Each structure stands twice: as structure tokens, then as C-alpha cells.
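Asker: only the shape, not the letters, is given here:
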Ligand SMILES: [Zn+2]
């Protein structure tokens, strides 16, 4: 059984429709959205809700699950069972937390949201790179990266000891968690890092990739290699060429920040990745970014947008996003989105009702909003796939952007 089969290719772009089939029996048609269920749970949703939300794929987080479970992760029941989900389940490797708990805090930048593109000075970067090369700690953040792995001293788990993740440990944990797709342990760098730091981190990520392949024992899971290299063309091409030649089952592109940079990073990387294997873009999930990614040959995307924004009242529609918690929606009798078939809109949830639930801090508020958003993004992907099959992807893209006023 092939893990990934491409069924339709767009004639004008690199867009393609494919099918992921896992040994667990999970199936996902690509391009697909991967819904985030960090701690083996999609926040606010029940397993029944997930079934009704057209969700094909869910990603959970290795670092946070290991923090919670500790060594008892070995007895973990498995993510499919815990999530009550038969689709395709992924886990990330903890490599993103090297950034999010490390330089992200030191540099005051985050993946979603505004950040400055100003780079470290050449000298500062060179010093960081040299320190990294010999494995010295970074004093100002809670992650200490060495050439063997990364130490995490995380204040949100202040009652627990620091943990040390290595490529081998990350794979061992991911095998216990039992997802269908697991990721190689990598180092995601910060947009403030310069060329030399990125170069050293990339070399380390390549070494770690080989160690992940060697450490993997289970044949039932697909292992993806991760392309890094910051926003440097030379490094991205080198990383894609090196990782692309390793015997991975699929590939992920990590650490791309900002719209234009993201497009460049994909354009630089994709030509070096094997055509017949699936490609995942890590942590990207706005509508316009998905269209740009699919056009450039990306098959799957994971992002917290539908779930996190839903919990705060952000509602996604074909005409853009609105904040349903605004007082002006009180008493509004329109559905969250006209013509929407999601479980929330189908049961008659209006903007007014939802606004009121948010104001009352009712637990159901976040659930209805999340249900609508997840269904919206999954339906969007369904329409996107249909357009590739019909040979109308470029027209579809144009129309979607027009409707969103982008
Ligand atoms: Zn809806």
C-alpha cells in the first residue's frame, strides 16, 4: 500500500490532489488542513463534533504531551484512541518549541502576529553561531541547545525538572504517542537570526535528521524530514537538497515567517524535494497563504487559526473574518455565515446568540465558534481540491481572494 498517491495535477501550477493512506487505516485527501489538538484534544470540541467538522487530519504536540505524561508516555493508549479519531494523526517533534520557548522569547517574536524583521548584527550572529557550534547555552532563554539535543527549563511546568530532548528521545516519544505521521527533531531558528547562525543550526538539523531515521523502529509510522535554513536562499536550497535525498516518507518545511518570505522559502525548497512524496508546511494556515502554498506544491498545512481564534470569538467566512464578541452583534438574527452547513449554523446559532454566549462567558461559545471555523477551513480545502480536479484552480484562487478583498 502506498502511503501517498497523487491523483490529479494542475496543468498551470504545481498544485496537486493526492491521497494519504496510513497503515492504521486513516485516509486524507490532499491538499488538507491539519487541525491542532496540542494536548491530544482539540480544545472545546467533543469527538462527535470532530466527526461532524469534516476534519481529516489532527496534529498533536510531542513536547507538551511528554511534559504532561513523563515516562508514563510508554503506556499511552495512542492518539487515535485518545482523540476518538479515525483520520490521519500527526505529531510534531518538539523542534518548534526549541524556538517558541527559546529565541522566540529572547527576540520577542512569535509565529503568528507582528514581528520586526531586523536581523542580529553580523558580529552578534557570528558569536551565537560559534557558541552554538560548541554547544554553549543561551543565557537569556529557557532552552539550552547543544549538539546532542535541547534542554528545556519551562516555567509553565515549574514543578517539573528540565527535560532533555534528543533526536532519539523525540522519536521514542512519538512512537509511544502512536501518530500516523511523525516529524524529525529539528531546530527552528528565529527571524532575527542571521546567516551564520542559520547555517550552523541547519547543519545540526541535518545531523539530527539522520539520527531520527536511525532511531525509528516502527514501520507503521511515516517519518517526515524538515527543511530549515531561515530566509536565506542558499541555505534553504542546501537544506532541501540534503534532506530531500534522505529516505524520509514525506517532507515538511519549517520556520517560514511572513508572507513574502514564505513564498520564497517554498519556491526555493520544493524543486529539491521528491515529486512523489507529500509536502507539509508547518504552522501556516491563513486562506491566502494556503492558496500560495498549494500553488507551489504544498499538500498539507497545520495552523492554530481556526481553533484559537474561534475560542476568542474570531469567525471565519468566505468574505473574511469578524469578531462576534463585538456588542453590535447582540440581537443580530443572521447565522454565523449565510448558507453555512456547519453543525453550529445548521442548529440555528446566530451572531446574536453567539455574541451573547461569549458575553456570558458560556463554555459553549468557544465550541460553536470553533465548530464553525474548523468546518469552514475543511470545506474551503474541499472546494480547493475540486477546483484542481476541474482544472480551475487559478480561477478559484482569484475568486477567493476577490471575495476576501485581498
Ligand atoms: Zn457555520
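Answerer: All right, it came through fine. Since the model is a prediction, treat every value here as computed from it, not as a measurement.

Asker: look up how far residue 320 lies from residue 336.
Answerer: The spacing between residue 336 and residue 320, counted by CB to CB, to the nearest Å, is 13 Å. (Each C-beta comes from the backbone N, C-alpha and C, glycine too.)

Asker: more neighbours: the two, which one.
Answerer: Regarding residue 336 and residue 320, a neighbour count based on other CB atoms under 10 Å identifies residue 336 as having more, with 24 against 12.

Asker: identify the residues contacting that one.
Answerer: With CB atoms under 8 Å, 6 or more residues apart in numbering as the criterion, the residues that contact residue 336 are 315, 317, 324, 342, 344-345, 349-351, 354, 368-369, 372.

Asker: these: which ones sit near the ion?
Answerer: The subset of those within reach of the ion, counting by CB under 5 Å from the ion, consists of 342, 345, 372.

Asker: where's residue 203, which helix or strand?
Answerer: Element membership of residue 203, judged by DSSP states H and E, is helix 195-215.

Asker: now for that helix, which elements pack on it?
Answerer: helix 122-134, helix 167-177, strand 222-227, helix 233-245 (3 or more CB pairs under 8 Å, 6 or more residues apart in numbering; DSSP states H and E).

Asker: including mean pLDDT and distance to the ion, could those go into JSON lines?
Answerer: Conversion of the helices and strands packed on helix 195-215 to JSON lines gives the following (pLDDT from 0 to 100; distance: least, CB to the ion, whole Å):
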{"stretch": "helix 122-134", "mean pLDDT": "78", "distance to the ion": "47"}
{"stretch": "helix 167-177", "mean pLDDT": "97", "distance to the ion": "31"}
{"stretch": "strand 222-227", "mean pLDDT": "98", "distance to the ion": "32"}
{"stretch": "helix 233-245", "mean pLDDT": "98", "distance to the ion": "38"}
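
Asker: deepest of these, which one?
Answerer: strand 222-227 (a mean of 27; mean count of other CB atoms under 10 Å).

Asker: which SS class is residue 17?
Answerer: Secondary structure, DSSP: H, G, I helix; E, B strand; the rest coil: residue 17 is strand.

Asker: what about the helices and strands packed on helix 195-215, which gets the closest to residue 6?
Answerer: Minimum separation from residue 6 across the helices and strands packed on helix 195-215 (CB to CB) falls at strand 222-227, 15.6 Å.

Asker: just the residues contacting stretch 235-245, thanks.
Answerer: 195, 198-199, 202, 205-206, 209, 225-230, 251, 265, 268-274.

Asker: same thing with stretch 294-301?
Answerer: Where contact means CB under 8 Å, 6+ apart, the residues beyond stretch 294-301 that reach it are 4, 13-16, 18, 20, 28, 30-34, 57, 253, 263, 266-267, 270, 278-281, 284-285, 289-290, 293, 384, 388, 393, 397.

Asker: low-confidence stretches in this structure?
Answerer: Filtered on pLDDT under 70, the chain yields the residue ranges 1, 104-117, 135-141.

Asker: can you list the domains in it?
Answerer: According to the domain assignment given by automatic domain parsing, the chain is divided into the following structural domains: 4-303, 315-403.

Asker: okay, these, which one's buried deepest?
Answerer: By mean neighbour count, with neighbours taken as mean count of other CB under 10 Å, domain 4-303 ranks first of the domains of the chain at a mean of 20.

Asker: quick check: residues of the stretch 251-400 of the chain near the ion?
Answerer: When proximity is defined as CB under 5 Å from the ion, the stretch 251-400 of the chain approaches the ion at 336, 340, 342, 345, 372.

Asker: got a list of what the residue nearest to residue 70 when sequence neighbours are not counted touches?
Answerer: Of all residues not flanking residue 70 in the chain, residue 160 sits nearest, at 7.7 Å (CB to CB, 6 or more residues apart in numbering). Contacts were defined as CB under 8 Å, 6+ apart; by that measure residue 160 touches 67, 70, 154.

Asker: wait, isn't the first one in contact with residue 154?
Answerer: Translated: residue 67. Yes. Contact between residue 67 and residue 154 holds when scored by CB atoms under 8 Å: they sit 7.0 Å apart.

Asker: can you flag which of the contacts of residue 160 belong to strands?
Answerer: Assigned to strands by DSSP state E, none of these qualify.

Asker: ok, then the element right after the helix or strand containing residue 366?
Answerer: In the assignment (DSSP H and E), residue 366 maps to helix 363-389. Secondary structure here is assigned by DSSP H and E; on that basis, the next helix or strand after helix 363-389 toward the C-terminus is helix 393-403.

Asker: name the helices or strands packed onto that following helix?
Answerer: With contacts defined as 3+ CB pairs under 8 Å, 6+ apart, helix 393-403 has these neighbours: helix 287-295, helix 363-389.

Asker: for residue 190, which of the helices and strands packed on helix 195-215 is the nearest?
Answerer: In terms of CB to CB, the element of the helices and strands packed on helix 195-215 nearest to residue 190 is helix 122-134, at 10.1 Å.

Asker: enumerate every residue touching the closest residue in space to residue 323 that isn't next to it in sequence.
Answerer: Sequence neighbours aside, residue 313 is the residue nearest to residue 323 in space, at 5.5 Å (criterion: CB to CB, 6+ apart). Shown here is residue 313, whose contacts under the criterion CB under 8 Å, 6+ apart are 323-325, 354, 358, 365, 369.

Asker: I'd like the distance between residue 313 and residue 322.
Answerer: Shown here: residue 313 relative to residue 322, a distance of 9 Å by CB to CB.

Asker: likewise for residue 246?
Answerer: Here the distance between residue 246 and residue 322 works out to 44 Å (CB to CB).

Asker: ok, back up a step: which among the domains of the chain is found nearest to residue 309?
Answerer: Each of those was checked against residue 309 via CB to CB, and the shortest separation belongs to domain 315-403, namely 6.6 Å.

Asker: how close does the residue of the chain most remote from its centre get to residue 402?
Answerer: Relative to the centre of the chain, the most outlying C-alpha is that of residue 331, 36.4 Å out, by CA atoms, centre = their mean. In this structure, residue 331 and residue 402 are separated by 31 Å, where distance is defined by CB to CB.
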